[in-house]
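> build me a structure from this.
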Amino acid sequence: MILYHGSYLEITKPDLRHSRHNVDFGLGFYTTPLYEQAAKWCGKFKRRGKEGIISCYDFDEGVYKSLKVLQFNSYSEDWLNFILNCRSGKDITDYDIVIGGVANDKVFNTVELFFDGLIDKAEAISRLRYERPNLQICLRSGKALEHLHFERSEKV
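Just a heads-up that it's a prediction; the model follows:
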């Protein structure tokens, strides 16, 4: 499978040292099989006057069998709980890979309303069901990153 990473620089050797804390699926290297999603990630750097660069990788899905993988097939209560734990720094899981929807601005607004106590969990899940998830694949361990092979990069 081809995976993409949107940034302001080419990343030939992804690592976990440069990962940010308190994001959707915790510390990890974030990729997507959706080129358009990676291009959207580049947008925030372009708005800051930097280049947008999409790095492309080959990843063998067959390794899922040998790794600890958590997959969310839709926005759900489990997805919401996981996002909240990761964003609040309370994630203590040891998944090698987490796959699921992106908490984009529209989705994150719903998450924030819930987090601030302005809507309950049932209402948050109800609102999220109408959103079509973008897909992100977070590689959270060195073991997972070993199977990600740089192919090329391009400016967007």
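> can you give me how far the host helix or strand of residue 143 is from the chain middle?
Assessed by DSSP states H and E, residue 143 sits inside helix 142-145. On the basis of CA atoms, centre = their mean, to the nearest Å, helix 142-145 sits 16 Å off its chain's mean C-alpha point.
> identify the residue spatially nearest to residue 128, adjacent ones excluded.
Distances taken as CB to CB, 6 or more residues apart in numbering put residue 75 closest to residue 128, at 3.7 Å, once the chain neighbours are dropped. To be clear about C-beta, it is placed using only N, CA and C from the backbone, and glycine gets the same treatment.
> thought that neighbour was touching residue 129?
Yes - with contact defined as CB atoms under 8 Å, residue 75 and residue 129 form a contacting pair (6.6 Å).
> looking at these two, which is more packed in?
residue 75 (25 against 10; other CB atoms under 10 Å).
> I'd like the next helix or strand past the helix or strand of the chain with the lowest mean pLDDT.
Sorting the helices and strands of the chain by mean pLDDT, DSSP states H and E puts helix 105-115 at the bottom, at a mean of 79. Using DSSP H and E, the helix or strand that follows helix 105-115 towards the C-terminus is helix 121-128.
> point out where the protein drops to low pLDDT.
104-105, 130-133 (pLDDT under 70).
> mind listing the strands for it?
2-7, 29-31, 53-59, 69-71, 97-101, 135-139, 148-155 (DSSP state E).
> tabulate those (a markdown table), appending distance to residue 15 and mean neighbour count.
Converted to a markdown table, those look like this (distance: least, CB to CB, whole Å; neighbours: other CB atoms under 10 Å):
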| stretch | distance to residue 15 | mean neighbour count |
| --- | --- | --- |
| strand 2-7 | 12 | 20 |
| strand 29-31 | 7 | 24 |
| strand 53-59 | 13 | 19 |
| strand 69-71 | 20 | 15 |
| strand 97-101 | 15 | 23 |
| strand 135-139 | 10 | 23 |
| strand 148-155 | 11 | 14 |
